[in-house]
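**Student:** Take this sequence and fold it.
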Amino acid sequence: MTRPKPDDEPATAARPDDAPTDALADAPADDAASVDAAPRSGLDRFFKLTERGSTVGREVRGGLVTFVTMSYIVVLNPLILGSFSPTGPGAKVDVLGNTLSVPEVAAATALVAGVMTLLMGLVANMPFALATGLGINALVAFTIAPQVTWPEAMGLVVVDGIIIVILVLTGFRTAVFNAVPPSLKAAIGVGIGLFIAFIGLVDSGFVRRLPDAANTTVPVGLGIDGSIASWPTFVFVVGLLVTGALVAMRVRAGILLGIVLTTVVAIVVEAIAKVGPSNGTNPKGWNLGYPALPGSVFGLPDLSLVGDVSFGAWTRLPAITAALLVFTLVLANFFDAMGTMTGLGKQAGLVSRDGKLPNVGRALFVEGTGAIAGGAASVSSNTVFVESASGIAEGARTGLANVVTGVLFLAAMFLTPLYSVVPIEAAAPALVIVGALMMRQITEIDFTEFRVALPAFLTIVVMPFTYSIANGIGAGFISYVFLAAVTGRARTVHPLMWVVAVAFVAYFAVGPIEALIH
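**Tutor:** I've put the predicted structure just below:
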């Protein structure tokens, strides 16, 4: 079905409240999700629960589900940034041979995620949880840290965050957000849905990377040797079917209930089959989290990494090299968060009729400070997590859900043995279910107009195929501007879209550019 032509026109230019003096101002009150009802309490009034058609119960459930589906970051981030010993297998050493301790990274990861998630809820009133961004932390661990010391690498992350905050305060980041045409915003939401579904499929072991072999060029495959040959993957499949059934039957708290039931199944399976953890050597083991009763419940966090940051990278490296590293971090941060908030906002019904997201300036400001806080605590940049979609699917519509998630992250500093009982195979079904829910936005894209269809398609497929939201947005932006130009519609493209497209060309070519400079 052909959609109306306004979808192909540029988004409305930045409003006056996107100017520097009002960069954090609220968006219009014509929120698509608002309802004509009076607040029932101070809590209702502060978080606009009734206005957004939500309740305290829904927000609590949504916040809890969001935490459960993204709490794996407290386990995964230390495995990416940290090492169990400086000389052990997979140790991530800096230029001086130093490493970050896994327990220290875990504690700081939970601390920053909790604080930043609370700020997003209280300042921007959004159900968008924050934690260390995947992809950016790998960039820090495998590209930046080997060239400098760990404190210097985190100093570059702090500089990245400062630049992001400046772009927000000047209104530039909000203006770019509003300049994106509706077709690309819808494509971003769909792409994120596929991306998080792919994350769930891979983390559960249902989809696995295939080792290089002479007789195959297929990069991924089903389970082990083309079959579901492990108990954890079996648990994932059971969880996917159970959770899908609960959601299809519109059972209240269906996603959360599905996670709990799947965790119980996992505990029973482990008690009988004695599968054991994966630990990188047992492909049939549990990937993250271990479904068995922990030996202890409480543990004191080690926060010694907080504040261990240096700006010495600018003297250790050539200035142009340090600048290019920061440029890469800025672009990845800038558009990962924008794309994620676009998709989440549309899923939550918070985007107004003119394509605006309420409090977008405040939300982008908090997200920018997440990079500063993450760098200052040596856990890499914190950003909005796509797993927030699981909480939104459970009913979260306001920042109250973030308060729940944030408090749980702070508690996770002390309760790591307890929450690690939930294996990723029990949480991954929620990611796949949410991915399916987010696919509904594809109906907002006019695929009969190829100059719209190709950029939307590239945005959607590049995200999961490259494991990067920023890459998908870049492919979509560049192709959208190019096709508009060659079809005689260059004037319909917002000027900021041209600026961003050129920036993405530099982003994709940063390797050759750096090599040429050297």
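
**Student:** Low-confidence ranges, the stretch 251-400 of the chain, go.
**Tutor:** 252-253, 280, 289, 332, 335, 354-355 (pLDDT under 70).

**Student:** which stretches of it form helices?
**Tutor:** For the stretch 251-400 of the chain, the helices defined by DSSP state H, counting those that start in this stretch occupy 254-273, 313-316, 319-347, 360-376, 388-393, 399-412.

**Student:** Columns mean neighbour count on top of the ones you listed, output as CSV?
**Tutor:** Bear in mind the C-beta positions are built from the backbone N, C-alpha and C, glycine included. Output for the helices of the stretch 251-400 of the chain, formatted as CSV (neighbours: other CB atoms under 10 Å):
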stretch, mean neighbour count
helix 254-273, 20
helix 313-316, 16
helix 319-347, 23
helix 360-376, 27
helix 388-393, 30
helix 399-412, 25
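
**Student:** Need those helices in TSV (columns: distance to residue 127).
**Tutor:** Output for the helices of the stretch 251-400 of the chain, formatted as TSV (distance: least, CB to CB, whole Å):
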stretch	distance to residue 127
helix 254-273	14
helix 313-316	36
helix 319-347	8
helix 360-376	11
helix 388-393	6
helix 399-412	4
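
**Student:** Of these, which is nearest residue 173?
**Tutor:** For those, the distance to residue 173 is smallest for helix 360-376, at 5.1 Å, taking CB to CB.

**Student:** if we can go back for a sec, out of the helices of the stretch 251-400 of the chain, which is closest to residue 49?
**Tutor:** Distance to residue 49, taken as CB to CB, is lowest for helix 399-412 among the helices of the stretch 251-400 of the chain, at 6.9 Å.

**Student:** picking that back up, so which of the helices of the stretch 251-400 of the chain gets nearest residue 103?
**Tutor:** Comparison of the helices of the stretch 251-400 of the chain against residue 103 by CB to CB identifies helix 399-412 as nearest, at 13.0 Å.

**Student:** tell me, what residue is most central in the protein?
**Tutor:** Centroid-nearest residue in the chain, with CA atoms, centre = their mean: residue 385, separated by 2.9 Å.

**Student:** I'd guessed it sits against residue 70; true?
**Tutor:** Yes: contact criterion CB atoms under 8 Å: residue 385 and residue 70 qualify, at 5.0 Å.

**Student:** hmm, back to that, can you say which of the helices of the stretch 251-400 of the chain is nearest to residue 495?
**Tutor:** With respect to residue 495, and counting by CB to CB, the nearest of the helices of the stretch 251-400 of the chain is helix 319-347 at 17.2 Å.

**Student:** Distance from the chain centre to that closest one, please.
**Tutor:** Its chain's average C-alpha position is 11 Å from that of helix 319-347, according to CA atoms, centre = their mean, to the nearest Å.

**Student:** what residues are up against residue 160?
**Tutor:** 326, 329, 330, 333, 371, 375, 381 (CB atoms under 8 Å, 6 or more residues apart in numbering).

**Student:** which one of the residues you listed is nearest residue 412?
**Tutor:** Using CB to CB, residue 381 is the member of the contacts of residue 160 that lies nearest residue 412, at 19.3 Å.

**Student:** Now the closest one: phi and psi?
**Tutor:** Phi and psi for residue 381, reported as degrees, to the nearest 10, are phi -60, psi 130.

**Student:** Please name the residues that touch it.
**Tutor:** 132-133, 136-137, 140, 157, 160-161, 329, 333, 370-371, 374-375 are the contacts of residue 381 under CB under 8 Å, 6+ apart.

**Student:** Identify the residue spatially nearest to it, adjacent ones excluded.
**Tutor:** Leaving aside its chain neighbours, residue 381 sits nearest to residue 371 (4.0 Å; criterion: CB to CB, 6 or more residues apart in numbering).

**Student:** what mean pLDDT would you report for stretch 502-513?
**Tutor:** In this model, stretch 502-513 carries a mean pLDDT of 79.

**Student:** hmm, who's touching that stretch?
**Tutor:** By CB under 8 Å, 6+ apart, stretch 502-513 touches 324, 327, 328, 331, 470, 473, 474, 477, 478.

**Student:** Just the terminal-to-terminal distance for that stretch.
**Tutor:** With CA to CA, to the nearest Å as the measure, the first residue of stretch 502-513 is 14 Å from its last.

**Student:** buried residues in that stretch?
**Tutor:** Of all the residues in stretch 502-513, those buried under the rule 16 or more other CB atoms under 10 Å are 503, 504, 507.

**Student:** same thing with stretch 446-456?
**Tutor:** In stretch 446-456, counting by 16+ other CB under 10 Å, buried: 446, 447, 449, 451, 452, 453, 454, 455, 456.

**Student:** Return the subset of those residues lying in helices.
**Tutor:** 451, 452, 453, 454, 455, 456 (DSSP state H).

**Student:** ok, of those residues, which one's closest to residue 268?
**Tutor:** The closest of those, once distances to residue 268 are taken by CB to CB, is residue 456, at 43.9 Å.

**Student:** Can you check the pLDDT for the nearest residue to the closest one once chain neighbours are set aside?
**Tutor:** Of all residues beyond its chain neighbours, the one nearest residue 456 is residue 187 (3.8 Å), with distances taken as CB to CB, 6+ apart. Note on residue 187: pLDDT of 89.

**Student:** and the angle from the helix or strand harbouring residue 187 to helix 319-347?
**Tutor:** Following DSSP states H and E, the helix or strand that holds residue 187 is helix 182-203. Counting by axes from the mean of the first three to the mean of the last three CA atoms, to 10 degrees, helix 182-203 lies at 100 degrees to helix 319-347.

**Student:** next structured bit after helix 182-203?
**Tutor:** On the C-terminal side of helix 182-203, the nearest following helix or strand under DSSP H and E is strand 207-209.

**Student:** For residue 174, give its distance to residue 512.
**Tutor:** In this view, residue 174 and residue 512 are 32 Å apart by CB to CB, to the nearest Å.

**Student:** typo on my end, it should be residue 247
**Tutor:** Per CB to CB, residue 247 is found 46 Å from residue 512.

**Student:** What of residue 489?
**Tutor:** Using CB to CB, residue 489 is found at 30 Å from residue 512.

**Student:** circling back: what's the most distant pair in the contacts of residue 160?
**Tutor:** With CB to CB as the measure, no two of the contacts of residue 160 lie farther apart than 330 and 375, at 12.5 Å.

**Student:** and of the contacts of residue 160, the nearest to residue 441?
**Tutor:** Among these, and counting by CB to CB, the member closest to residue 441 is residue 333, at 23.6 Å.

**Student:** and residue 246, that one's in a helix?
**Tutor:** Yes: judged by DSSP: H, G, I helix; E, B strand; the rest coil, residue 246 forms part of a helix.

**Student:** which residues touch the nearest residue to it once chain neighbours are set aside?
**Tutor:** In space, and not counting its chain neighbours, residue 246 is closest to residue 254: 3.4 Å by CB to CB, 6+ apart. Counting by CB under 8 Å, 6+ apart, residue 254 makes contact with 243, 246, 247, 394.

**Student:** again, only using 7 Å
**Tutor:** The contact partners of residue 254, taken as CB atoms under 7 Å, 6 or more residues apart in numbering, are 243, 246, 247.

**Student:** Show me which of the residues you listed are buried.
**Tutor:** In the contacts of residue 254, burial by neighbour count holds for 243, 246, 247, counting by 16+ other CB under 10 Å.

**Student:** hang on, isn't the second one packed against residue 260?
**Tutor:** No: with contact defined as CB atoms under 7 Å, residue 246 does not count as touching residue 260 (10.7 Å).
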